Structure formats: structure tokens, C-alpha cells
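*Asks:* Everything below, folded, please.
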Amino acid sequence: MPPLDPLTPHAGAGLAAVLLSSFLLGVLHGVTPDEHTWPITVSYAIGAASGKRGLQAGLLFSAAFTLQRAIASELAFLALAPILANGSLNAAIDLLVGIVMAVSGAYILRLGRELHLTEGFEQFLHRLFHLGTQDGTNGLVSGSDRPIPLRMTLVHGFVAGWGTGAFAIIIYTVLAPAMPNAAIAFLPGLLFGVGTMLVQALAGAAIGVWMRTRGLGETAMNYVSRAVAGNTLLYGGLLFSAWGLFSLVFPALAEPIDRGLPTGLSVPNLDSVNAGLILVALVVAVIAAGSFVRAVRRVQVLARAEATRR
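*Replies:* Numbering: from 1, shown residues only. Presented below is the predicted three-dimensional model:
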């Protein structure tokens, strides 16, 4: 029997090898940029602004994701993999995940007063989501010092898990069907989720610690964390929703974008420049990073102005 390559598992491998491959693929899934896991984990970890709560954000999201993937693995064993891999279902998941993200971002922004990226568009969004208006604090958080709630990560994790990417296809079409019976058919999905959980929890903790060591005061830290988390979830969610809706309405146009251009790499999520990778780049590298830079600059300007007045 040939050895099992985690990137190209085959049904002829032994039970232990298939389960090990499931776990290793989960670890790889946690590391590579995924259009659902990374934007949501990064958003909540930055909003947590501490290593402990960042760890909790990663754990909660991936725990719900693990439950979903275990259920889907069982369904795949029962010959429902074609339904799980349906393109329309995946587009609907993107739409639903985007809505949940946007609602969560709007809720986070309601906890305080938040900075804006583009005035006109964001004023429209504030009216649309009833986020309130700025006051005399020049955009700094005023009002609530409550931490950003992490419970919504559970909803994100369970809903986002139903999206079907390259890793999910391997679980549903190769590893789950390789199980000897239905009693343990959930194990590939479960171990895949555990591998993802390990990486996402560590990533969440690292991001939280990084935020805590930025040298900002408590008020400024609250402002920056809420601004980045809220903006990333709200605008990232609207972006996901737009893509999901486009894919549902124009599937023929969306399909080649979803398939993408090959990169020559044999690593899932990095094997092509596709819609998923583009979404990750826009949400994490553009929205989240841009929000962070602008928020930090804002509090630094206000701090210097306050020092001058004194």
C-alpha cells in the first residue's frame, strides 16, 4: 500500500492514515488563506485586543466549524457529497456569511462611536444600519467599555463551514467515503476541524497579543479594536454578500472567476488566484489593514492635539 500524501489522499489508505491526513489537512486549512476563516478570525481577534480573548475568538469560531464539518462528513458518507459541493449552495453560503458578518460589524460599531473610511458611503451605511452619529469626541469611543462579544463567532463558524472549497471537496469525496461504516464517518470532518482549530486559536491569540503591545492607551485601544473589527466585518460582509448574490444571479459569469488562474502550487487555497483568494486579500489586507492604520493615526493625531492644548 503506497504511503498517504496529505495533499493527495486516496481511499485505499488505511483508517489511521486517512484520519491523520484529515487532521493535517485541517492544519493546512488553518494556515492557508481561506475566504471564511481568516477574515472572521482576524476581525474578532483584533477586536478582542488581548491574547486570551483572541485565543477564545479562534477557539469558538473553529469549534462551531468543527461541528459543522463533522456533520457534513457524515452526510458525505451517506452519498450527499454532490449536494454539499453544489455551486449554488456555495454562493448562498457566501451570501449568508456576508449578511451575518455585516450584522455583527454593525452591532460592534453600535457599542461606541467609530471612525469612517469614506464619509459619504459610510454615512449611508450608518443610516441603513441605524448606527447613530458621531459626537464631540471626534470619533473616539464614547459610551460603552464592554468587550466585543465573541458569541457570534459560533454562528459564523457553523454557517461558514458549509461553504465548499478545495479542502472540503477532499473530505467529502475521498476521506469520508473511506470510512468503514456510518458510525465513524464523522471523524474525518471532526479531525479536519480540530486541525483548523489548533491553528486558528494560536493565530487569534497571536493577533490579540500583537494588538495589546501596540503601546496605545486603554481608550485608544478600545477605539482601534472596535473600528478595525467593526469595519472588517461590516464591509467584508457586504463584499461577501455582493459576491454571493452575483454568483447566484450570474453563475456562468462567476464560475471562471471562482475557478481562477492556476498558480502552479499544489496546495489547496493557494493553487489558483480565484474569488476566494481575492476576497481574503480585500478583507484582510485592504479593509482590516487600512482600518487599523487609519484608526491608529487618528488616535495619535488626537493625542498630540490634546497634549498641545495642555
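*Asks:* what's the neighbour count on Val267?
*Replies:* 12 (other CB atoms under 10 Å). Placement of C-beta: from N, CA and C, glycine included.
*Asks:* For it, give me the pLDDT.
*Replies:* At Val267, the model reports a pLDDT of 79.
*Asks:* can you check Phe250 too?
*Replies:* With respect to pLDDT, Phe250 has a value of 93.
*Asks:* Which positions within stretch 257-272 qualify as buried?
*Replies:* Ile257, Asp258, Pro268, Asn269, Leu270, Asp271, Ser272 (16 or more other CB atoms under 10 Å).
*Asks:* Could you tell me the end-to-end distance of that stretch?
*Replies:* End-to-end distance of stretch 257-272 (CA to CA, to the nearest Å): 10 Å.
*Asks:* contacting residues around the closest residue to Phe246 other than its chain neighbours?
*Replies:* Ranked by CB to CB, 6 or more residues apart in numbering and with sequence neighbours excluded, the top spatial neighbour of Phe246 is Ala254, at 5.9 Å. Counting by CB atoms under 8 Å, 6 or more residues apart in numbering, Ala254 touches Ala91, Trp243, Phe246, Ser247, Ala275.
*Asks:* how far does stretch 40-48 sit from the chain's center?
*Replies:* 9 Å (CA atoms, centre = their mean, to the nearest Å).
*Asks:* Please apply the same query to stretch 189-209.
*Replies:* 12 Å.
*Asks:* name the helices or strands packed onto the helix ranked longest in the chain?
*Replies:* Using DSSP state H, we find that the single longest helix of the chain is helix 218-249. With contacts taken as 3 or more CB pairs under 8 Å, 6 or more residues apart in numbering; DSSP states H and E, helix 218-249 sits against helix 37-48, helix 87-110, helix 187-212, helix 251-259, helix 275-280, helix 289-309.
*Asks:* which among the contacts of Ala254 gets closest to Ala182?
*Replies:* Using CB to CB, Ala91 is the member of those that lies nearest Ala182, at 29.4 Å.
*Asks:* Spatially nearest residue to that closest one, not counting backbone neighbours?
*Replies:* Ser247 (3.5 Å).
*Asks:* How confident is the prediction for Phe192, by pLDDT?
*Replies:* pLDDT, Phe192: 92.
*Asks:* Please apply the same query to Phe23.
*Replies:* Taking Phe23 on its own, its pLDDT is 93.
*Asks:* and the next element down the chain from the helix-or-strand element of the chain with minimal mean pLDDT?
*Replies:* Within the chain, no helix or strand scores below helix 119-129, which has a mean of 51 by mean pLDDT, DSSP states H and E. Downstream of helix 119-129, the first helix or strand assigned by DSSP states H and E is helix 152-160.
*Asks:* For Ala227, find the nearest of the helices and strands packed on helix 218-249.
*Replies:* Across the helices and strands packed on helix 218-249, closest to Ala227 is helix 289-309 (CB to CB), at 4.2 Å.
*Asks:* Check the offset of stretch 188-199 from the chain's centre.
*Replies:* 15 Å.
*Asks:* repeat for stretch 279-299
*Replies:* 15 Å.
*Asks:* rewinding a little: least reliable of the helices and strands packed on helix 218-249 by average pLDDT, please.
*Replies:* Taking mean pLDDT as the measure, helix 37-48 is lowest among the helices and strands packed on helix 218-249, coming in at a mean of 74.
*Asks:* Which strands or helices does the following helix or strand past that helix pack on?
*Replies:* As assigned by DSSP H and E, the chain's next helix or strand after helix 37-48 is helix 51-75. Counting contacts by 3+ CB pairs under 8 Å, 6+ apart, helix 51-75 is packed against helix 37-48, helix 81-84, helix 152-160, helix 187-212.
*Asks:* quick one, which of those helices is packed in tightest?
*Replies:* Among the helices and strands packed on helix 51-75, the stretch with the highest mean neighbour count (mean count of other CB atoms under 10 Å) is helix 37-48, at a mean of 29.
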